[in-house]
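Peer 1: I would like the atomic coordinates for the input below:
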Amino acid sequence: MKPTAILVNTARGPIVDRQALYRFLKERRITAAALDVTEVEPIPVDDPLLTLDNVIIAPHIASASVATRTRMASVAADNLLAALRGEEPPHCVNRQALRRWRRKWPPAAGS
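Peer 2: Numbers count the residues shown, from 1 in each chain. Alright, predicted model coming up:
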């Protein structure tokens, strides 16, 4: 990464090597980091990352807005209703599982 880079992790905590991140931030080998997730949650109060002025750590709530949670609920409902109609869910992330499920849907009478 360039020294001007800012690392942003909203995915999963373990994908970032915390010790390496701490070292790179402390040595200013990257400019900053913003983390919504950490490997251990909540992050321990004695974690060295918390001593740095170039890191922001949110308590895994970056998506916790009314608009985002409303949209998440709507997407889940749209997926469920489509599946119950025997259609492909509009936000299907595992097409292999969908193919297996389709072979079993609709369930046989009395199942």
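Peer 1: can we go C-alpha only for contacts and neighbour counts from here?
Peer 2: Noted.
Peer 1: Outline the domain layout of the chain.
Peer 2: 6-57, 66-104 (automatic domain parsing).
Peer 1: Any buried residues in the shortest one, and which?
Peer 2: Buried residues in domain 66-104, defined by neighbour count with 16 or more other Cα atoms under 10 Å: 79-80, 83, 88-89.
Peer 1: now stretch 7-14
Peer 2: Counting neighbours by 16+ other Cα under 10 Å, the buried set in stretch 7-14 is 7-9, 13.
Peer 1: ditto for stretch 27-34
Peer 2: Neighbour count says stretch 27-34 has 30-33 buried, by 16+ other Cα under 10 Å.
Peer 1: now the residues you listed as CSV including pLDDT and secondary structure?
Peer 2: Below are those laid out as CSV (pLDDT from 0 to 100; DSSP: H, G, I helix; E, B strand; the rest coil):
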residue, pLDDT, secondary structure
30, 97, coil
31, 98, coil
32, 98, strand
33, 98, strand
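Peer 1: Dump those residues into JSON lines; add distance to residue 44 as well.
Peer 2: JSON lines is the format used below for the buried residues of stretch 27-34 (distance: Cα to Cα, whole Å):
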{"residue": "30", "distance to residue 44": "23"}
{"residue": "31", "distance to residue 44": "23"}
{"residue": "32", "distance to residue 44": "20"}
{"residue": "33", "distance to residue 44": "17"}
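Peer 1: For residue 71, state which of those is nearest.
Peer 2: Proximity of these to residue 71 (Cα to Cα) peaks at residue 33, which lies at 27.2 Å.
Peer 1: which ones are touching that closest one?
Peer 2: 6-8, 25, 54-56 (Cα atoms under 8 Å, 6 or more residues apart in numbering).
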